[in-house]
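Enquirer: I'll drop the sequence and a predicted model, then ask my questions.
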Amino acid sequence: MKQTTKRALLLIASIVLTFIFLRVSLYISPNSNFDIGQYNIHHLFTGLLVLTIAAVPLLLSECKTKLADGLIIMFGIGLSMALDEFVYLIATDGSDASYLMPVSFWGGVIVIGLTVLYILGVWLFTRRCQP
């Protein structure tokens, strides 16, 4: 399997599986919150932190090892966590109950779906550019 194909599949799988895991776990336990003092830390912010931790070494190295594969998976997890809350935090009041509303769910499905299509488009484009 070519390196770009493997990376695209790892990225897509980590994004989709994280989205499914988040939605199922927060459907089962909707009042699970990560609070620090009086602040509720949404998984958007945790996702941005995970995404940043993974992206910097990926961008600054030419590593093609299992470590790079792990960083790609970590990047996909962080990206999924951030994108999952994109529509939710814009279109709702940000409450636990609002997370379970259809606008939040379908907004997440659309944003994740568009991201997967974007990854596939970039993957197809890079395949055409390679000798």
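Expert: Perfect, I can see it now.

Enquirer: switch to C-alpha atoms for all contacts and neighbour counts from now on
Expert: Noted.

Enquirer: starting at the chain centroid, how far to the longest helix anywhere in the chain?
Expert: As assigned by DSSP state H, the longest helix anywhere in the chain is helix 102-129. A distance of 11 Å separates the centroid of the chain from that of helix 102-129, by C-alpha atoms, centre = their mean, to the nearest Å.

Enquirer: quick one: list the elements packing against that helix.
Expert: helix 3-28, helix 66-84, helix 86-91 (3 or more C-alpha pairs under 8 Å, 6 or more residues apart in numbering; DSSP states H and E).

Enquirer: in that helix, what's buried?
Expert: Judged by neighbour count using 16 or more other C-alpha atoms under 10 Å, the buried positions of helix 102-129 are 104-105, 107-109, 111-112, 115-116, 119-120, 123.

Enquirer: next one: stretch 25-33
Expert: Within stretch 25-33, judged by 16+ other C-alpha under 10 Å, the buried ones are 26, 30.

Enquirer: could you export that stretch as CSV, CA atoms only?
Expert: The C-alpha trace of stretch 25-33 is given here as CSV (Å, rounded to 0.1, in the frame of the first residue of the first chain):
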residue,chain,number,x,y,z
SER,A,25,-20.6,7.8,24.7
LEU,A,26,-22.2,11.2,25.1
TYR,A,27,-25.6,9.8,24.1
ILE,A,28,-25.2,7.2,26.8
SER,A,29,-23.9,9.7,29.4
PRO,A,30,-25.0,13.1,28.2
ASN,A,31,-24.0,14.9,31.4
SER,A,32,-20.4,13.9,31.3
ASN,A,33,-18.4,17.1,31.4
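
Enquirer: pretty sure residue 69 sits against residue 9.
Expert: No - counting by C-alpha atoms under 8 Å, residue 69 does not reach residue 9; the two are 10.5 Å apart.

Enquirer: need the max-distance pair from the buried residues of helix 102-129.
Expert: Spanning the widest gap among those are 104 and 123, at 28.3 Å by C-alpha to C-alpha.

Enquirer: gap between residue 2 and residue 122?
Expert: Relative to residue 122, residue 2 is positioned 15 Å away (C-alpha to C-alpha, to the nearest Å).

Enquirer: same check, this time on residue 54
Expert: As judged by C-alpha to C-alpha, residue 54 and residue 122 stand 20 Å apart.
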